[in-house]
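Visitor: Next one to model:
(2 chains)
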Amino acid sequence: MDIIKKIQADQIRTDLPNFSAGDNISVDYKIKEGSKERIQQFKGTVIQRRGEGLTETFTIRKMSSGVGVERIFPVNSPNIHNIVVNKRGKVRRARLFYLRGLTGKKARIKSKIS
Amino acid sequence: MRLIGKKIGMTSIFTQEGKNIPCTVIKAEPNVVTQIKTIENDGYNAIQVAAIEKREKSTNKPQKGLFNKVGTTPKQKLIEMKNIGAEYKTGDSISINDFNIGEFVDVQGVSKGKGFQGVVKRHGFAGVGGQTHGQHNRNRAPGSIGNASTPSRVFKGMKMAGRTGGVNRKQLNLEIVKIVPEDNLLVIKGAVPGHKGGIVIVEK
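Guide: As a prediction, this is how the structure comes out:
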């Protein structure tokens, strides 16, 4: 296992902020269109983090014109330009799949007072 | 050129373009050339190499003789390479330095044993009929295995259920994506046969 960690070591990103399930974050990620590259933003609630090392991913969910949209990003992807934590959420579990069944005021998450 | 190594496990890494690719890590300590076979002596040209440490206690006397002659510790796995271009002497080593990033290699190993399996898993059969319309127990059945009075027997080699896996398999054309010389590691794109810690042979 240590050997695998060693191989991954130089690609693990340390420049991004730490965040966990329940947080509201904005992800700026690079999109390649032919030879051009542009940055797109995805803002929403982190509903899970899974995996470890280079294979770790997180899922963020947002409501887009009444429809729930989820996107999965690898945490250490070089295509992530920046991550901004907008709000720390206070939640009681690591996977917030119950949000999928809720909309509107029910789907709110209390913010953490630090 | 062939190299004996051990499968460490799988992971994924990012390429320059930001693509996430699955890859297998193989640890290949330098292999020792233990014998040079020549046309005069053996009838063919080849070199014999050995790798992966073995306990002195579990090595038999003829094997110990071979390894003592070369001046190395006993090894588990011996392979031969026929008609290899470069000139080698006994005691030389073949290592991952003979491989380059971007090269395509074949990896041979013993696949994971699956035990007694049915035809769906073993041969990729689709089963008989559908899931619904009152069908209740033919979902993973092989179906007919032959005709009636002609030939009134089942042909040899008919695909049926049985022991699956645990046989030598070679995965072709896998790209080397990374080499770590200080730890003797090869990182190869894709999956290779066998379980973690299994002996694999990397060939180019």
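Visitor: Need phi/psi at B:Thr34.
Guide: Note on B:Thr34: backbone dihedrals following degrees, to the nearest 10 are phi -100, psi -20.
Visitor: residue ranges of the strands in chain A, please?
Guide: For chain A, the strands defined by DSSP state E cover A:24-33, A:36-50, A:57-64, A:67-74, A:80-87.
Visitor: Which positions in chain A make contact with chain B?
Guide: Residues of chain A lying close to chain B by CB under 8 Å from any CB of the partner chain are A:1, A:3-4, A:6-8, A:11, A:30, A:32, A:53-55, A:74, A:76-79. Every C-beta, even on glycine, is put in place using the N, C-alpha and C of the backbone.
Visitor: try 6 Å
Guide: A:Ile3, A:Ile4, A:Gln11, A:Thr55, A:Pro74, A:Pro78, A:Asn79 (CB under 6 Å from any CB of the partner chain).
Visitor: For the closest residue to the second one other than its chain neighbours, which residues count as its bridge partners?
Guide: Same thing as A:Ile4. Closest residue to A:Ile4 apart from its sequence neighbours, by CB to CB, 6 or more residues apart in numbering or on different chains: B:Thr11 at 5.0 Å. Counting by DSSP bridges, B:Thr11 is bridged to B:Cys23.
Visitor: and the longest helix along chain B, average pLDDT?
Guide: Looking across chain B with DSSP state H, the single longest helix is helix B:61-70. For helix B:61-70, mean pLDDT is 92.
Visitor: Next: stretch B:137-155.
Guide: 92.
Visitor: just how off-centre is that stretch within its chain?
Guide: The chain centre lies 34 Å from the centre of stretch B:137-155; the measure is CA atoms, centre = their mean, to the nearest Å.
Visitor: tell me the most buried of the strands of chain A?
Guide: strand A:57-64 (a mean of 17; mean count of other CB atoms under 10 Å in any protein chain shown).
Visitor: what's that strand packed up against?
Guide: strand A:36-50, strand A:67-74 (3 or more CB pairs under 6 Å, 6 or more residues apart in numbering or on different chains; DSSP states H and E).
Visitor: May I see those strands arranged in JSON lines, with mean pLDDT and distance to B:Glu29 as well?
Guide: Formatted as JSON lines, the helices and strands packed on strand A:57-64 follow (pLDDT from 0 to 100; distance: least, CB to CB, whole Å):
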{"stretch": "strand A:36-50", "mean pLDDT": "93", "distance to B:Glu29": "34"}
{"stretch": "strand A:67-74", "mean pLDDT": "94", "distance to B:Glu29": "32"}
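Visitor: what's the span of stretch A:47-54 from first residue to last?
Guide: 19 Å (CA to CA, to the nearest Å).
Visitor: Show residues contacting it.
Guide: A:Gln8, A:Gln11, A:Ala21, A:Thr57, A:Phe58, A:Thr59, A:Arg61, A:Asn76, A:Arg95, A:Leu96, A:Leu99 (CB atoms under 6 Å, 6 or more residues apart in numbering or on different chains).
Visitor: Apart from its chain neighbours, what residue comes closest to the first one?
Guide: Right, the one you point to is A:Gln8. A:Leu54 (4.2 Å).
Visitor: tell me the domain ranges of chain B?
Guide: Following automatic domain parsing, chain B resolves into domains at B:2-114+B:168-203, B:115-164.
Visitor: Export the strands of chain A as a markdown table, with columns for distance to B:Phe116.
Guide: Below are the strands of chain A laid out as a markdown table (distance: least, CB to CB, whole Å):
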| stretch | distance to B:Phe116 |
| --- | --- |
| strand A:24-33 | 48 |
| strand A:36-50 | 34 |
| strand A:57-64 | 36 |
| strand A:67-74 | 38 |
| strand A:80-87 | 47 |
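Visitor: Please list the outside residues in contact with stretch A:3-17.
Guide: A:Gly53, A:Leu54, A:Asn76, A:Ile83, A:Val85, B:Ile8, B:Gly9, B:Thr11, B:Phe14, B:Val25.
Visitor: tell me the contacts of B:Lys7?
Guide: Shown in contact with B:Lys7 (CB under 6 Å, 6+ apart): B:Ile26, B:Gly194, B:Lys196, B:Gly198, B:Val200.
Visitor: where do the strands sit along chain B?
Guide: Listed in chain order, the strands of chain B (DSSP E) span B:2-14, B:20-27, B:31-37, B:46-53, B:75-82, B:93-94, B:104-110, B:115-117, B:162-164, B:168-180, B:185-189, B:199-203.
Visitor: With distance to B:Ser152 and mean pLDDT as new columns, can these be given to me in a markdown table?
Guide: Listed next are the strands of chain B as a markdown table, based on distance: least, CB to CB, whole Å; pLDDT from 0 to 100:
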| stretch | distance to B:Ser152 | mean pLDDT |
| --- | --- | --- |
| strand B:2-14 | 47 | 93 |
| strand B:20-27 | 49 | 94 |
| strand B:31-37 | 52 | 91 |
| strand B:46-53 | 50 | 92 |
| strand B:75-82 | 47 | 92 |
| strand B:93-94 | 56 | 89 |
| strand B:104-110 | 39 | 96 |
| strand B:115-117 | 28 | 96 |
| strand B:162-164 | 23 | 95 |
| strand B:168-180 | 36 | 94 |
| strand B:185-189 | 50 | 94 |
| strand B:199-203 | 45 | 95 |
